[in-house]
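Take a look and give me a structure for this.
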Amino acid sequence: MTQGPKTALRALLALALAATFTTTTAGSAWAQGDSPTEELPTNKKPPADTPADAPMADAPTAGEEEPAEVKEDIKTGMRYAASLGLRLRPLASGLFLDIGHRWQLSDSDSLLLKDTYFETGLSLAANPANVWLGAYVEAVPLAILRIRAQVNYQRHFGNLGFVFVPDNASATDEAPNWDVEDINFSQANDLGRVSNALLAQLEITPRVRLGRFVTILDSRVAMHISDIEGAYHTNRFDVLTESGDLFMVLRPTIGYLPIQNDDTYLLTALRYERIQNFGATQMTRDSVGAVFLWGVPKSWDWVMENSQFALLAMYVLDEGPTPTDRVGTPVLSIRYSTRFGAN
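Numbering: from 1, shown residues only. Okay, here's the model as predicted:
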């Protein structure tokens, strides 16, 4: 099958899976909502040069199988990335989709310049609760640095896509209460708010991969502008904020690849997460946990040959200014992602 029909089939299958998932799982958006895939930093070895006088391989004789087709890496062209996520406590689900065009910046095999690119396109995030639609620009000017900026319009649909507003949001002498039980009660009793919002986000991610060791510093700043007055809960990052607040997210990750070959990989890593709201709520959260990334073997399914499962297990250490019932509790998330096209 040629590349065109393969790409079309992959896109249709990704959208079909997304539609099935997002229409059967209730809840707010996945808390780890960001770019669709959590890609490992590159560690590709340049191909060995073949001497000009090297003997040519013998042609296959009758009865022998033809050699397997070598898949060509596409460096410039359309690129598609999609992921489906599910989180527990509070229950949440989400679909994230990028459709863009990527341009290769360098064909060098040096450690700093190989696999550098510039990409721009449309981004979509959706579930039965709400939808985000916007655009992004992403660049890897150096192999050790990934930069992404995106702006999304966000629409909440009411009960399923509710925006939680604490009962004491207007109180000046106490912190707004937004325990998990309060959010669940609000949703169950149709107390959610329909709203429109704008999310602007900048990600700067230094990343290094040396052999089997991986270090990633996921750092981002974001601003959420809403038509709701006072404190409210935004489920994109699962924080309490007010319209126009600027907040920062830091996720340093250190990992090791016990499995690494041409067909699959497994990353085991430790992660620390810090959320800091610099606006009205001054909310902070500190969590620690583990990340597992498993690359689905390419030999299993040619339709989704660049797929991975991500498992994130976090534990909330502290939260302020007033601790909620989230402190001391685990958070478990799982995500399936796939990408194809330019890579």
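
Identify each buried residue in stretch 87-107, please.
Neighbour-count burial for stretch 87-107 flags 87, 90, 92-98, 100, 102, 105-106 (criterion: 16 or more other Cβ atoms under 10 Å). For glycine as for every other residue, the C-beta is placed from the backbone atoms N, C-alpha and C.

Just give me the least confident of those residues.
Least confident entry in these, by pLDDT: residue 90, with 66.

any chance you could map the strands in the protein?
Applying DSSP state E to the chain gives strands spanning 77-88, 92-104, 117-126, 130-142, 145-156, 195-210, 213-226, 232-234, 239-241, 245-260, 265-277, 284-295, 307-320, 330-341.

Now do the last one, average pLDDT.
Throughout strand 330-341, pLDDT has a mean value of 88.

Check the fourth one too.
Across strand 130-142, pLDDT averages out at 92.

Direction included, what does that strand pair up with?
Strand 130-142 pairs in its sheet with strand 117-126 (antiparallel), strand 145-156 (antiparallel), by DSSP bridges.

My read is that residue 234 contacts residue 198, right?
No - under the criterion of Cβ atoms under 8 Å, residue 234 makes no contact with residue 198, lying 11.5 Å away.

Between those two, which is the more surrounded one?
Legend: neighbour count by other Cβ atoms under 10 Å for residue 234 and residue 198, higher for residue 234 (26 against 17).

for the stretch 1-150 of the chain, what are the low-confidence residue spans?
Scanning the stretch 1-150 of the chain for pLDDT under 70 picks out 1-39, 41-73, 89-90, 128-129.

Compare the strands of the chain and give me the one nearest residue 110.
strand 130-142 (10.0 Å; Cβ to Cβ).

buried stuff in that closest one?
Under 16+ other Cβ under 10 Å, the buried positions of strand 130-142 are 130-132, 134, 136, 138-140, 142.

contacting residues around it?
Defining contact as Cβ atoms under 8 Å, 6 or more residues apart in numbering, one finds that strand 130-142 is touched by 28-29, 35, 98, 100, 105, 112-113, 115-126, 146-157, 161, 199, 235-236.

buried subset of these?
Buried members of the contacts of strand 130-142, scored by 16+ other Cβ under 10 Å, are 28-29, 35, 98, 100, 105, 115-119, 121, 123-126, 146, 148-150, 152, 154, 156, 161, 199, 235-236.
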